[in-house]
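> how would this look folded up:
(chains A and B)
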Amino acid sequence: MQSSVNKERQATAAPASPATPPPAIELKGISKAFGPVQANKDITISVAKGAIHGIVGENGAGKSTLMSILYGFYKADTGEVWIDGKLTAIPDSQAAIRAGIGMVHQHFKLVENFTVLENVVLGAEDGPRLTPSLSKARKSLTQLAKEYELDVDPDALIQDLSVGHQQRVEILKALYRKAEILILDEPTGVLTPAEADHLFRILRNLKNEGKTILVITHKLREIMDVTDSVSVMRRGEMKGTIPTSTTSPEDLAERMVGRKVLLKVDKTPANPADNVLEIQNLEVIDSAGVRRLKGIDLNIRAGEILGIAGVSGNGQSELMEVLGGYSNATGSVKLNGQELDLTGKHSDGQSRRHRGIAHVPEDRHREGLILEFSAWENTAFGYHNEPEYNGKILMDNAAIHQTCAEHMEQFDVRPPNPSLHARNFSGGNQQKIVLAREISRNPDLLLIGQPTRGVDVGAIEFIHQQIIALRDQGKAILLVSVELEEILSLSDRIAVMFDGQVMGERLPESTNEKELGLLMAGMDTSGNGGAI
Amino acid sequence: MEKLPKWADVILIPLINLVLAFLVSGLVILAIGKDPIVAITTMFDGAFGSTTGLGYTLYYATNFMFTGLAVAVAFHARIFNIGGEGQALLGGLGVALVCLAIDWPHWLVALPAAAIGGAVFGAAWAFIPAYLQAKRGSHIVITTIMFNFIAAALIGYLLVEVLKVPGSMDPASSNFPAGAHLPTFNEIFAVFGLNIFKHAPANVSFFVALICAFLFWVLMWHTRLGFAMRAFGQGERGAEYAGISPLKITVIAMMISGGLAGMMAINNVMGESERLILNATEGAGFIGIAVALMGRSHPVGVILASILFGFLYQGGGELSLWEGIPRDLVIVIQGLVILFTGALDGMIRRPLENLFLVLRKPTQNGAV
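Okay, the predicted model is just below:
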């Protein structure tokens, strides 16, 4: 450990002395503006060869922009890129690949109905005939699989692979193109803890072979686990590079936000009362005939937060859709002892709202908000038929405007301008607009999906406090999140979903990420059943 | 922050597009050996030079306002209604049936009845593709195009076999009763002792179109229905979240759209020909698409774009009449305007955005 720290110290001292090899990547004075927004301001950073280097920062801090410049998606306004001690122009991603840079995007760029082999070869074919390229790639894949624990069946279709395996294909693609530098953008966003551990092993293997790895993430724990050094970005500026061993998650969070941040959520023990929501044997079959929910049984009591953990795509979204009123289902759902319609006219979003269910959806941009509407119009979104927003024929736009202004004040939305389009607010402020709208209706049950996805650290704190405050008012809350940390710190009770089923329930104080991770991967951890 | 100031978005960009379209048109006119300057003066003279010319321009503009608003309503719900032509043809049938039904005592009674007749027929014609899209997933662009052909064939059949005056060789209905005659601009201004808009077909329908534009604005931005339609237009997921029924909104938006297109018939059928003839719409349903695109689906934009296309129709007609420039070339010019204002909007937008960024930078730095 100590040696790697020393190595890092040398490497970060730019320019490198003649005795040491030049850094793998050196960015000098990179600036990039998008209109009036300065995404990158005079960024200088140097990464030693054979290091795993983390880049952390809040949403909009400019991490992705910086990486896009390095990978040739954007052209920097000013500044230089040096690769292996050579000034390199990277006008497009082809040039980046030629310079030995490979990128694993957050959203994989794979052709779903191609095999692994075909995806690896795609764009790197040797000639018009495919067969020689494919057999060459097959040989090289076997080699790479052995070297780095990167085993994937070369003949499997991408659509049949798990997300973790798909990610390996992305890494293989980069390695097949002779990448010496690998950039990973939020690599663990969709992985179970076990899959993430495997990924980290792969990364360490790559590092041992002399590859240089850049990891962009907002998960501080991963930075601590896997990187040798870490750079912190804030508002487009580089706030310094430090050896990982000399920092802590708290320290990094403070550097990211620029002030002390409460990473732990402050909350008192729950005081649950009667059942608000009772779900029995809930089944959902989608339009393709696939069973998405396979008999869910859950209950939530007043004054309680039930957290649903799980890798995304295991039925959490479907559960939220049924409860939020836009998906048909069979089974029984009772709210305050009264059955909810699961099909037909009274199973839509408006009926749900009338029954006292508020919903902060997982996908804020496509569901929770209309980005092209102004903030005040979004305040009425979903409630546009409510009497207080309507006259006899016309809508009472002034009243909606007024309500929006009030919400903005209560939830500290910035800028507090109801006429601004939702698109022009930051992620955190957009989420506050949605949350204010839903909470202000005084619901009995709040459905909240990925409450802090794409939300800056400062706003996360505020949003968590609001959720807990709502619980303390005696409301029932169903929380779905792919962030285990968030589930563990917010929930009073945790249910883990896998493949459309509830794998088990645990109490946050008597479980840990490892156990939840196993449940999330579909493994029963014990014979003792649920924690309740 | 928006990339462009609002005035640049709604005024400058269409204006630049228009200038570009005319420049290219000028080159085309040069290429066939005519003088573009003479051509444009002839067009302006023909369309705005006399009250008669203006009367024609506004008559065409009225048609385009109805069909433009029709397309714009559907646009807001992100439905591409290509069927304005067919809906307007059917609207003509509705208007004709109402006008011929009784001996109308006065146009003030006949007009609302005919307008409703046209709207109902247009809406009914739009309902079928809307329902097919919402319930069966048939693509509305395809179905509305096909419904244009069906409408033309249906009207043709009815005019030849059913509505034709016995003994006449002309596939047209009999003339509407005198009580269904709408006052033309000439007759309206005669009240004030003015003899202007002579022989021009512009009539009171123009004002009905303006009222429709106003009601359009109220509907879209001041009612629940308009809110739901616009929300649905921004994405089906969001609509589902909000509990807005896609079926309901698709059908309602299309029926309003078809109704507006059908109402166009009070202008061309009731106001101008005063009987139902073959191809009464003269392509106005298609021009409505360009009008809605250029007018950014906003009623004020639709009105302005309608007048522009009215000018192109009327001025273009004059061009072929006086300058020996073939009619086909006039259609080329109209096509260029549609191409530049509708399809090539992005071509000018990006450079303009960058230009504004450069212009804006000094003030930004000053503020920081």
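> closest approach to chain B from the stretch 301-450 of chain A, which residue is it?
Using Cβ to the nearest Cβ, the single residue of the stretch 301-450 of chain A nearest to chain B is residue A:349, 2.9 Å away. C-betas here are computed from N, CA, C, even on glycine.
> what number of residues lie near that residue?
23 (other Cβ atoms under 10 Å in any protein chain shown).
> the residue of chain B found nearest chain A: neighbouring residues, count only.
Closest to chain A within chain B is residue B:243: 2.9 Å, counting by Cβ to the nearest Cβ. Counted with other Cβ under 10 Å, the neighbours of residue B:243 add up to 22.
> which residue is the nearest non-sequential neighbour of residue A:326?
Once flanking residues are discounted, residue A:326 sits nearest to residue B:240: 3.8 Å by Cβ to Cβ, 6 or more residues apart in numbering or on different chains.
> mind checking what secondary structure the one you found has?
At residue B:240 the chain is in helix, as set by DSSP: H, G, I helix; E, B strand; the rest coil.
> check residue A:298 too.
Using three-state DSSP, the structure places residue A:298 in strand.
> I figured it hits residue A:281, correct?
No. Judged on Cβ atoms under 8 Å, residue A:298 makes no contact with residue A:281 at a distance of 10.7 Å.
> neighbour count: those two, which is higher?
residue A:298 (19 against 13).
> give me every residue that touches the more buried one.
Shown in contact with residue A:298 (Cβ atoms under 8 Å, 6 or more residues apart in numbering or on different chains): A:277-279, A:306, A:495, A:502.
> bridged to it, which residues?
Beta-bridge pairing for residue A:298 (DSSP bridges): residue A:279.
> on the pLDDT front, check it for me.
For residue A:298, the pLDDT comes out at 95.
> distance of it relative to residue A:332?
Distance, residue A:298 to residue A:332, by Cβ to Cβ, to the nearest Å: 12 Å.
> what of residue B:275?
64 Å.
> kindly report the same for residue B:268.
From residue B:268 to residue A:332 the distance is 59 Å (Cβ to Cβ).
> then residue A:22?
67 Å.
> who in chain A is up against chain B?
Contact residues (Cβ under 8 Å from any Cβ of the partner chain) of chain A with chain B: A:35-37, A:324-326, A:348-353, A:359, A:361, A:363, A:366-373, A:377, A:380-382, A:384-385, A:390, A:393-395, A:397, A:421, A:424.
> separation between residue A:264 and chain B?
32 Å (Cβ to the nearest Cβ, to the nearest Å).
> the nearest residue to that residue once chain neighbours are set aside: neighbour count?
Among residues not flanking residue A:264 along the chain, residue A:489 sits closest, at 6.6 Å (Cβ to Cβ, 6+ apart). Using other Cβ under 10 Å, residue A:489 has 16 other residues around it.
> so what's residue A:489 up against?
Applying Cβ under 8 Å, 6+ apart, the residues near residue A:489 are A:264-265, A:464, A:508.
> ok, now with 10 Å
A:263-267, A:307, A:464, A:483, A:508 (Cβ atoms under 10 Å, 6 or more residues apart in numbering or on different chains).
> part of a helix, is it?
Yes. Using three-state DSSP, the assignment for residue A:489 is a helix.
> would you mind measuring from it to residue A:483?
9 Å.
> if we can go back for a sec, buried among the contacts of residue A:489? Make that a ChimeraX selection.
Filtering the contacts of residue A:489 down to the buried ones (16 or more other Cβ atoms under 10 Å in any protein chain shown) takes a single ChimeraX command:
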select /A:263,265,267,307,464,483,508
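> which among the contacts of residue A:489 gets closest to residue B:40?
residue A:483 (64.0 Å; Cβ to Cβ).
> so that closest one sits against residue A:450, correct?
Yes. Contact criterion Cβ atoms under 10 Å: residue A:483 and residue A:450 qualify, at 7.9 Å.
> shared neighbours, the two?
Shared contacts of residue A:483 and residue A:450, defined by Cβ under 10 Å, 6+ apart, are absent.
> find the nearest non-adjacent residue to residue 177, please.
No chain specified, so I'll use chain A. Per Cβ to Cβ, 6+ apart, closest to residue A:177 is residue A:97, 5.2 Å.
> chain B, not that one
Counting by Cβ to Cβ, 6+ apart, the residue nearest residue B:177 is residue B:103, at 4.9 Å.
> does the one you found really touch residue B:109, like I thought?
No. Using Cβ under 10 Å, residue B:103 is not in contact with residue B:109, being 11.1 Å away.
> with neighbour numbers in mind, choose between those two.
Neighbour count, other Cβ under 10 Å: between residue B:103 and residue B:109, residue B:109 has more, with 13 against 10.
> so where does the more buried one fall, helix or strand?
Using DSSP states H and E, residue B:109 sits within helix B:107-131.
> report the central residue of chain A.
Chain A has residue A:189 as the residue nearest its centroid, 4.8 Å off, counting by Cα atoms, centre = their mean.
> please report the distance of it from chain B.
As judged by Cβ to the nearest Cβ, residue A:189 and chain B stand 21 Å apart.
> quick one: residues contacting that residue.
Contacts of residue A:189 were listed using Cβ under 10 Å, 6+ apart, and they are A:106-107, A:163, A:196, A:217-219, A:312, A:453, A:482-483.
> and chain A, what are its domains?
Following automatic domain parsing, one finds the domains of chain A at A:1-48+A:59-95+A:213-259, A:275-362+A:437-520.
> mean neighbour count, those: which tops it?
domain A:275-362+A:437-520 (a mean of 20; mean count of other Cβ atoms under 10 Å in any protein chain shown).
> ends of that domain, how far apart?
Terminal residues of domain A:275-362+A:437-520 are spaced 26 Å apart (Cα to Cα, to the nearest Å).
> over to stretch A:275-295?
Stretch A:275-295 end-to-end distance (Cα to Cα) = 19 Å.
> okay, now the unreliable bits of the stretch 301-450 of chain A?
Across the stretch 301-450 of chain A, nothing is flagged by pLDDT under 70.
> helices of that one, residue ranges please.
For the stretch 301-450 of chain A, the helices defined by DSSP state H, counting those that start in this stretch occupy A:316-324, A:349-354, A:375-379, A:397-410, A:427-439.
> how about JSON lines for those helices, with distance to residue B:312 added?
Shown next, in JSON lines, are those (distance: least, Cβ to Cβ, whole Å):
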{"stretch": "helix A:316-324", "distance to residue B:312": "49"}
{"stretch": "helix A:349-354", "distance to residue B:312": "46"}
{"stretch": "helix A:375-379", "distance to residue B:312": "36"}
{"stretch": "helix A:397-410", "distance to residue B:312": "37"}
{"stretch": "helix A:427-439", "distance to residue B:312": "43"}
